[in-house]
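K.L.:
from the sequence below, what's the structure:
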Amino acid sequence: MSVRGRPGELESMELHWYALRSKPRKEDIVWRQVLERGFEVFYPRLRVNPVNPRSRKFRPYFPGYLFIRADITDVGLSTFQWLPHTTGLVSFGGEPAAVPDNLVYAIRQRLEEIAKAADKITAQDIGSVTGQYTRAVNFG
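P.N.:
As a prediction, this is how the structure comes out:
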């Protein structure tokens, strides 16, 4: 609940998740812009191990999309439609499509599972490489 209008008058906030479409490879910039404007944002990314050390270490799980949580009736649709490096909210019939809370939660859970599995794989790979290196040193 938030206080709006006249003193003592209460108005409920309708916070919903929405998918915000960014221009190609501009997700990081859009993510920072949305955070700076004070909105809750979910930017699903995966850690990757690129061959080139100068390459990006994180890749978007949904390239070109971020999830923002806002009360569109309060902040206005134009807040996101005219945000630099975006093409606006995902809409159907001119209406922004709300993303169910449980879907955002499921995506977060899935990313945590992937991260845990990647940590285990990385730890096993490092252990086996170290073990092979140690055996090679012992034999040489």
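K.L.:
what stretches of this protein score poorly on pLDDT?
P.N.:
1-12, 120-140 (pLDDT under 70).
K.L.:
can you list the domains in it?
P.N.:
2-99, 101-140 (automatic domain parsing).
K.L.:
keeping just the C-alphas, turn stretch 46-53 into CSV.
P.N.:
The C-alpha trace of stretch 46-53 is given here as CSV (Å, rounded to 0.1, in the frame of the first residue of the first chain):
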residue,chain,number,x,y,z
LEU,A,46,24.9,-17.4,-17.3
ARG,A,47,28.6,-17.5,-16.5
VAL,A,48,30.6,-18.8,-19.4
ASN,A,49,34.3,-19.6,-19.9
PRO,A,50,35.2,-18.1,-23.2
VAL,A,51,38.2,-19.1,-25.2
ASN,A,52,39.2,-15.5,-25.6
PRO,A,53,40.0,-14.0,-22.2
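K.L.:
can you list the buried residues in that stretch?
P.N.:
For stretch 46-53, the neighbour count (16 or more other C-beta atoms under 10 Å) marks no residue as buried. No exception for glycine: its C-beta is placed from N, CA and C like everyone else's.
K.L.:
hey, where'd the helices end up in this structure?
P.N.:
27-36, 72-75, 78-81, 101-139 (DSSP state H).
K.L.:
follow-up on the earlier one: can you tell me which of the domains of the chain is most buried?
P.N.:
Compared across these, domain 2-99 shows the largest average neighbour count, a mean of 14 (mean count of other C-beta atoms under 10 Å).
K.L.:
so D101 versus K23, what's the distance?
P.N.:
27 Å (C-beta to C-beta, to the nearest Å).
K.L.:
I meant to write E36 there.
P.N.:
E36 is 18 Å from K23, by C-beta to C-beta.
K.L.:
that concludes my questions; thank you for your assistance.
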